[in-house]
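Novice: Kindly return the folded structure for what I paste below:
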Amino acid sequence: CGPGAWSKILSVVAVCGVVYGTPQADVCPTKTSFPWCNPALSPEVRASMVVANLTSDEKTSLLTNGASAVPRINWPAYNWWSEALHGVARDGVATSFPQICGVAASYNKTLWHALGDVTSTEGRGKNNNVGGGMYHGITFWAPNLNIFRDPRWGRGEETPGEDPTMNGDYGEQYVTGMQGDGSSGFLKTSACLKHFAAYNEETNRNTFAAVVTDQDMTDTYLPAFEAGVTRGNASGIMCSYNAETWGEGIYGPGTASQSGAIPSCANKGILNDLARDKWGFNGYITSDCGAVGNVQNQHQYTDTPDKTVTAVLSAGMDTDCGGFMNAKAMKPLMGQGNMTSLVDTALNHLFTVQFRLGFGTPDAEVPWAQYGEEVVNTPAHQQLALEAAQQSLVLLKNEGAGKLPWKPSGKVAVIGRNANATVNMQGNYFGTAPYLVSPADGIGKFVASPTVLDGSDIEAAVAAAQAADAIVLVVGLFSEGEKPSDEAEGHDRTSLLYPGNQNDLINAVSKAAAGKPITVITMGGGPIDVTLIKNNSAIQSLVWCGYPGQSGGTAIADAIFGTTNTFGKLSLTWYPEKFADEVSIFDMGMRPNKTSGNPGRTYRFYTGTPVYKFGDGLSFTTFKTTVKTAPTVSLRAVNGDRALLRKDTSVVATVTATVTNTGDREGDEIVQIFASAPNAGQNGVPLKSMVAYERLRIDAGATVVQTFDIQSHHFTFADSSGLKTTSPGKWRLWAGVNGDVDAVEVTML
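Specialist: Numbers count the residues shown, from 1 in each chain. As a prediction, the model looks like this:
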C-alpha cells in the first residue's frame, strides 16, 4: 500500500487496516507514514514538521490560492479560494439563502448561526474530496463584515449593515456556525473575515487610499473584525485591495499621492500587530485577489517584487490570491535576506489550518469528513431558506383601506422589472439554486393567473392596473445576476433613486389604479430614496425584500396574503437623494464635517432627515415596550475596563424590557436598546448607539419580559485619538428607533 495509492478514491474504504478515502486523509496512509502523521501532536507542531521537511522549490509552489501538490510527501493540491457568502457559491447546486443585507434585517442571531452551520454542512458535502479545483475547498471566504458606510456602495448588500455591534454579532454567529464549536478538535470548515479593514467602495478600489481618522477606525471600521476574531475565533482574514492611513508598514508611510496610506496587505499595523498580537488571531491571512500586485503597481508602496513580497509577508499575509507570488516569481527570491524565514512563517499558518481541518487524519476521526451530496439541498435546508426569507422582509408602510394583508381573491396584476425575478433574488456571490420561486410565481399560488408585466411598457402597465382588482409593483435594483447591474462587485451606484423608468412607472400605475390596493415590493441591497412611495397616499403598502434567495417569491406572497407576520427591521439608514450630492463616496468620514459638507453617516452620526431610519419596520400587529434599569452605572468600572477587548469587559447594567403584543394576532417584535451619552452629537460623540437587541415571537395579548446585559464598553466612545473614553453624567436608554421620548436616565458616577 503506497502512500499515494488511494488519493483518487471518492468513497471511504478500508485500506491496510485504517479507514481513509479523501485526499486530505490520504496525506497520512498510516499514523506513522511521516512524523507529522501522529495525531497526538498539535496542529502547530505537525505544521512545523511539514514546513521543515519541504525543499525551497516546494515552498515556492504553495504561496498562492492555487497551491500545488507536493507528491513527495503525498500532500494534495489545494485551492484556498471557496465562496459561501449566503450558501455555498460558484460550486454547483447548493441551497441559496437570502443575501446578507436581508438576513441581517431579521436581527435573529440564532438564524445567523444556523445559516453558517448549514452552509458549512453543504460545503463539506460538496467539497470533502478536495482536489485543488477553484471553489472546491473547505476554506470559505465569508463573512463580509465591512461597514455599509455609504449607501451607493455596490457590495453593501453582502454586509449585515451599518452598525459595528450588529456586524460583529453577525460575524461571531456565522463564523461559529461555519467552523463548529471546537469540541471535536477540528474545524468543520474555515471561515474568513473580509475585507480587512477600511474597505467599502468599488470605484477605484485597486488604487483607493482610504483617509481614515483614528476615531472612525476605532469605533466604526474595526469592531466587527475584532468580534469575528475574539468571539468567533475566525481562522481566516482577507486583507483588502485598498490602502488606509491607519497602521504601519515596514517601509514606513505610503507615498504622498496616497496620502501616506499603506496597502492593507502590507499593513503590519492591522495584520500582525492588531489582529494577531492584540486580538489573538489564530489562522491564515489571504490577500484579496490581485491585491498583492496592487501594493507595487497601483499603490506604489514598493517598486520591486522582492520588496513587495517582503512587505506583505512581514505584515502578516500568508497567501496570495493571484499570481504575483507564483513559484516562478518566488524561486529567485528564496534565500535573499530573511525571505526563507518569512515564507516558513506563512506556510506554518497555512498548514496549521489544514491540519485543523482534518488533513492527515483518518476520515472516521473527523466528524464531517464522510459527508457527501446527501447533505446538500435537504428538505430541512429548504425550510431554513424559506424562514430566512420570511424574516428578512421589512414592512415600511402599511396604511389605508387597501393595506396588507390581502385576502387571496380577485384579479391581481404583478408589474415591475423584478416581477419575474429569479437569479436576481440571489444578489451576488451565489451558487446554482435548486429552484427559484419568483414573486409572480409566489403570488400565483394564492390567486389564479395573475397578470405579469415587466413594466418596461408603461402604457401596458397602466392598462393592466386598470383591469386588475389589486396591484403588486415589484421594483428595485439589479445585482450580479442581471445586466446591466445597478450594484455589484466593481460597480457603485451614483444615485439613490430607482434606475430607469421605475419612478415614472410607479406614478403612472398609482394614478391609474384609482384607489385600488397597491403594494410595492422593492428588491435590492442598497438604500433607495422611496420618498415618492412614502408620500403617495394611493400606495398603501411598501415592503423591502433585499435579495431573498431561492424561496423569495414564496416569502413575499406569504406576507402579502397574511400567512406570515415575521417582518424584520432595517439595518441601514435610507437616505434622501440629496445625500449623494452632499458627500463624496471617497470621503471616509463617519462624523459630520461642516468644512466638507459631510452630514454624517449612519444612524449614529447622520444629521439630516432620513427617508427611513435604521431600525424602522412595522408588523401586522402592534407592540408596547417599556424599559427599566438601575439608576446608576459605576464610572470606576467603565474606566477600569477601557483598555480591555470588548469581549472581556464587565456587565455594568441590566436593562429589562417588557413587551406586550397589543394587537389581535401573533407576530415577531425586534427589541432594540439604544443608548446616548450626556454629550451626544458633540465633538464626535455618537448621537446614539444600539447596545443590545433581540427578536421575540409574541402571541396576541401576551407579554414577554426580556433582559439585556449591557457591558462597560457600551458606555464608551472613541476620542479624537481613537482611545476609548466616556462621559460621566446622565446617559439615556430606550427601546425602539422612535422610543427616545420614553427613555430612562442612568447616571454614571
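Novice: Show the contacting residues for residue 604.
Specialist: 163, 590, 686-689 (Cβ atoms under 8 Å, 6 or more residues apart in numbering). Where you see a C-beta, it was placed from the backbone N, CA and C, and this is true even at glycine.
Novice: quick one: which of those residues sit in strands?
Specialist: Counted as lying in strands by DSSP state E, out of the contacts of residue 604, are residue 689.
Novice: Of the contacts of residue 604 - the most surrounded one?
Specialist: residue 163 (28 neighbours; other Cβ atoms under 10 Å).
Novice: can you list the weak-confidence ranges in the protein?
Specialist: In the predicted model, the chain carries pLDDT under 70 at residues 1-20.
Novice: picking that back up, and which of the contacts of residue 604 is nearest residue 379?
Specialist: residue 163 (34.1 Å; Cβ to Cβ).
Novice: isn't that closest one right up against residue 605?
Specialist: No. Using Cβ atoms under 8 Å, residue 163 makes no contact with residue 605, being 11.7 Å away.
Novice: Do a quick rundown of the strands in the stretch 551-700 of the chain.
Specialist: Listed in chain order, the strands of the stretch 551-700 of the chain (DSSP state E, counting those that start in this stretch) span residues 623-628, 632-633, 651-661, 667-676, 689-698.
Novice: before we move on, the earlier item: could you identify the pair within the contacts of residue 604 that is furthest apart?
Specialist: So, these by Cβ to Cβ: farthest apart are 590 and 688, at 13.8 Å.
Novice: Could you dump the contacts of residue 604 into a markdown table and include distance to residue 221?
Specialist: Shown next, in a markdown table, are these (distance: Cβ to Cβ, whole Å):
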| residue | distance to residue 221 |
| --- | --- |
| 163 | 13 |
| 590 | 9 |
| 686 | 14 |
| 687 | 18 |
| 688 | 19 |
| 689 | 15 |
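Novice: ok, the contacts of residue 604 vs residue 644, which is closest?
Specialist: residue 689 (18.1 Å).
Novice: how close does that closest one sit to residue 157?
Specialist: 24 Å (Cβ to Cβ, to the nearest Å).
Novice: just residue 254 next, same as before
Specialist: 30 Å.
Novice: Ok, residue 203 next?
Specialist: For residue 203, the distance to residue 157 - Cβ to Cβ - is 16 Å.
Novice: the more surrounded of those two?
Specialist: Legend: neighbour count by other Cβ under 10 Å for residue 203 and residue 157, higher for residue 157 (27 against 15).
Novice: Return stretch 570-580 as PDB; C-alpha atoms alone will do.
Specialist: Below are the C-alpha coordinates for stretch 570-580, written out as PDB (Å, rounded to 0.1, in the frame of the first residue of the first chain):
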ATOM      1  CA  LEU A 570     -33.900  47.900   8.700                       C
ATOM      2  CA  SER A 571     -30.200  47.500   9.500                       C
ATOM      3  CA  LEU A 572     -29.500  50.600   7.300                       C
ATOM      4  CA  THR A 573     -30.400  54.200   7.100                       C
ATOM      5  CA  TRP A 574     -32.300  55.100   4.000                       C
ATOM      6  CA  TYR A 575     -31.100  58.500   2.900                       C
ATOM      7  CA  PRO A 576     -32.700  61.100   0.600                       C
ATOM      8  CA  GLU A 577     -31.200  61.500  -2.900                       C
ATOM      9  CA  LYS A 578     -29.600  64.800  -1.900                       C
ATOM     10  CA  PHE A 579     -27.100  62.800   0.300                       C
ATOM     11  CA  ALA A 580     -25.400  61.700  -2.900                       C
END
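Novice: Name the surrounding residues that touch it.
Specialist: Against stretch 570-580 from outside (Cβ under 8 Å, 6+ apart): 101, 104-105, 107, 148, 151-152, 156, 160-163, 166, 394, 396, 494-497, 527-531, 544, 599, 601-603, 606, 608-617.
Novice: filter those residues to the buried ones?
Specialist: Buried subset of the contacts of stretch 570-580 (neighbour count, 16 or more other Cβ atoms under 10 Å): 101, 104-105, 107, 148, 151-152, 156, 160-163, 166, 394, 396, 496-497, 527-530, 544, 599, 601-603, 606, 610-617.
Novice: So which of the residues you listed belong to helices?
Specialist: 101, 104-105, 166, 602-603 (DSSP state H).
Novice: For burial, what's the neighbour tally of the closest residue to residue 118 other than its chain neighbours?
Specialist: Spatial nearest neighbour of residue 118, chain neighbours left out: residue 381 (5.4 Å); criterion: Cβ to Cβ, 6 or more residues apart in numbering. Neighbour count of residue 381, defined by other Cβ under 10 Å: 23.
Novice: and if you look at the one 5 residues further on?
Specialist: The number of residues packed around residue 386, counting by other Cβ under 10 Å, is 22.
Novice: Find the nearest non-adjacent residue to it, please.
Specialist: residue 551 (4.1 Å).
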